Each structure stands twice: as structure tokens, then as C-alpha cells.
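Q: Provide a 3D model corresponding to the input given below.
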Amino acid sequence: MKKLVTGIVLFHSLLSYAQKDDKTRVLSEITEKVKRYYVDKEAYKKVDSSFQNDLKKGTLNTLNKNDFAAFIGKKLRSDIKDYHFSFRYLENYSPEKVVDEKEKEKLHDFHNSLENFGFESVRRLEGNIGYINFKGFASPKSSANTLAAAMNFVASTNALIIDLRENQGGDNDMLLLFCSYFFDKKTDLYTTYFRHEDKIVTNSTQAEVSGTKYLHKKIYILTSKNTFSAAEGLAYFLREHHLAEIIGEKTPGAANPVDPFVIQNQYLLLVPTGKVSSSLDGKNWEHIGLNPDLKVEAKDALKAAHRKILKDILKTGTKTELTPSEIKNLIHQLEQ
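A: Residues are numbered from 1 along each chain as shown. Predicted structure coming up:
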């Protein structure tokens, strides 16, 4: 009986050592990726020090792979103060199952189509006001037609509300295409510096788009604490060029683009690999976020924008389907 108990203890000891060694290799590879690719070349030192401290304390020993991934992802974001870092466990990942790029793109397009490429709803509000509820930036190759249809629908409205309160960002090229609808000519919006390649890329709007451009009209963008990344970019650049006002809550502040890395064939690591700089003043919204022009709780942002536009319509005498009296009554209803 004594031998059996000893054997069990030894087995658990070896298992614990194997798990610890596996996590050590994972942490080592994460540190290497941060060192090589992250836009701040010194940040890996903080990451390495933090990881070594956790290993010494044994903090990670009892965590399963999902909890381990969640812990490390949170640690990367908090230690480096960059919300674009992400780390998660790939439960069913296998190198043999990796499909080629065309097949992967086709699969992504299919899943994005199930959510209408981020366009939750497009409608006309009372007072002839356009409204687009947009929840994510899919690739323009797959979603350009949907964007064009949305912009064609709101083309004749007097003002436009773009609702980004639940938008977590996405494809950079889609950000540029969406912005293109609000500029009458090609415009350089920002540059992106990639440290690992030591190159700078200029990001510009398109002179031509397939839908109807929305020019010389007021635009209001709704934000929340969940408005993230490319969604922040759309709000940032339109406001910077005096094309839009922001209504809602302050955003988190995630400007830098990311690249994906598979770690030890088990985990997916997203590392911010570039730095965005506005072509106007060289700044961005990283770590800072966007402060709205009109600060209200996210749940009240749509009513606040609608009310603000209606008041402006009354002030300017803009023609709508409503009489001035009807507009005043609607404003009163929205204020309740």
C-alpha cells in the first residue's frame, strides 16, 4: 500500500512539473513575440519580469488552459496598458487542420455574412435623419456592397447618426472605405509605423466609392465604453476633420493594429505591431480614448443625438416631413 501511495504522489509531482514546464515555454514564446514585434521595443522587459514573478510564486500552477489564457491576456493588457493585447486557448486547434488563405477568407466571409457584415440596422428617423447601427468592420472585399447599400439608403437624409456603441473594431481597410464616403477627394488620414519591419505605411481614403457619398451634412457618432479600435478610429478621424460630433461615453483607447501568432500550437496571441499617427497632428487615441463632444450615458445617446439634430433643424429652418410644431412635440417626447 505504501508503494502505491508513493507512486501516486510521484505521478502527480511529474504531472505538475510537466504542466509547469509547458507554461514556462508558452510564457517564453510570448515574451519573444512581444520583444520582436510590439511597437514599444522595451515593453518585453516588463512582461518578462512579471511572468518570472508569477512562476516563482506558483500563481499559474493550478490554472487550466482556459483560465491560464484568460489570466495571461489580462496581465498583458494591464502590465503594458495596451487593450489590443489578447491571448486565448485554441481548444480544437491542430496544425494539420489549418486551411489555406483563400479557404480561411471564405470561411470568415461566411461567418461575417451571418451578421450582415456588421450592419445591424439602417433606417430613417423622424425629421428625415439617417441612422446606421454598425457593429463591426469586416473586410471591404466582402462587405463593400452592404456598406454601399446602407449609404445609398441614407443619401437623401438631412443628417446622419452612426451608432458604434457595440462596435469592437475590425478590418483597417474597411475603416478607410467607410471614411471615404465622407470625403470629397482622396485624403491622407494617418500613417502606421511597423517597428519589426521598420516601415511606415500611409493610410488614405478613396476618391471613388461604389455607393453615394455623404457630403456637407452633419454626422453624429454614438460611442460607449465598448466602442473599440477601428470604431474609435472612424469617430476620431471624422471629428478631427470637422465632419462629425461624438455623443455618448468615453472610449477605451486602442489605436494600434495587431498581428496574430499561434503559441505552442495551443494558444492565439494578438500583439499590437504598429503605431498609428494622424496625418494632421501626429497623434492618436492610444491609452487616451475619445472624449465625446456631448457626454451622456450610452443608453441615452441615440435620443440625445436625435434631439440635438431636431433642434438644429428648427434653428436653421431645414425642410423635413414634419412641421415646426410636430418637431417641437417630438423633441418634448425625446426629453421625457
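Q: pLDDT weak spots in the stretch 151-300 of the chain?
A: Judged against pLDDT under 70, the stretch 151-300 of the chain has no low-scoring part.
Q: ranges for the helices of it?
A: Taking DSSP state H, counting those that start in this stretch as the criterion, the stretch 151-300 of the chain carries its helices at 172-180, 230-240.
Q: T212: which of the ones you listed is closest?
A: helix 172-180 (11.9 Å; C-beta to C-beta). C-beta coordinates here come from the backbone N, C-alpha and C atoms, glycine included.
Q: so how far is the closest one off the chain centroid?
A: Helix 172-180 has its C-alpha centroid displaced from the chain centroid by 13 Å (C-alpha atoms, centre = their mean, to the nearest Å).
Q: quick one, it and helix 230-240 angle?
A: 30 degrees (axes from the mean of the first three to the mean of the last three C-alpha atoms, to 10 degrees).
Q: show the secondary-structure elements that helix 172-180 is packed against.
A: helix 140-154, strand 199-204, helix 230-240 (3 or more C-beta pairs under 8 Å, 6 or more residues apart in numbering; DSSP states H and E).
Q: re the thing from before, out of the helices of the stretch 151-300 of the chain, which one sits most buried?
A: helix 230-240 (a mean of 24; mean count of other C-beta atoms under 10 Å).
Q: OK, contacts around the closest residue in space to Q168 that isn't next to it in sequence?
A: Spatial nearest neighbour of Q168, excluding adjacent residues (C-beta to C-beta, 6 or more residues apart in numbering): F228 at 4.7 Å. Residues near F228 by C-beta atoms under 8 Å, 6 or more residues apart in numbering: Y83, N167, Q168, G169, T251, P252, A254.
Q: OK, contacts around the first one?
A: So that's Y83. By C-beta under 8 Å, 6+ apart, the neighbours of Y83 are R77, F228, P252, G253, A254.
Q: wait, the last one touches F85, no?
A: No - the pair A254 / F85 is not scored as a contact, 9.6 Å apart, by C-beta atoms under 8 Å.
Q: about what we covered before: got the helices of the stretch 151-300 of the chain as a markdown table, with distance to I30 columns?
A: Converted to a markdown table, the helices of the stretch 151-300 of the chain look like this (distance: least, C-beta to C-beta, whole Å):
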| stretch | distance to I30 |
| --- | --- |
| helix 172-180 | 24 |
| helix 230-240 | 25 |
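Q: of these, which is nearest L63?
A: The nearest among the helices of the stretch 151-300 of the chain, by C-beta to C-beta, is helix 230-240 at 31.8 Å.
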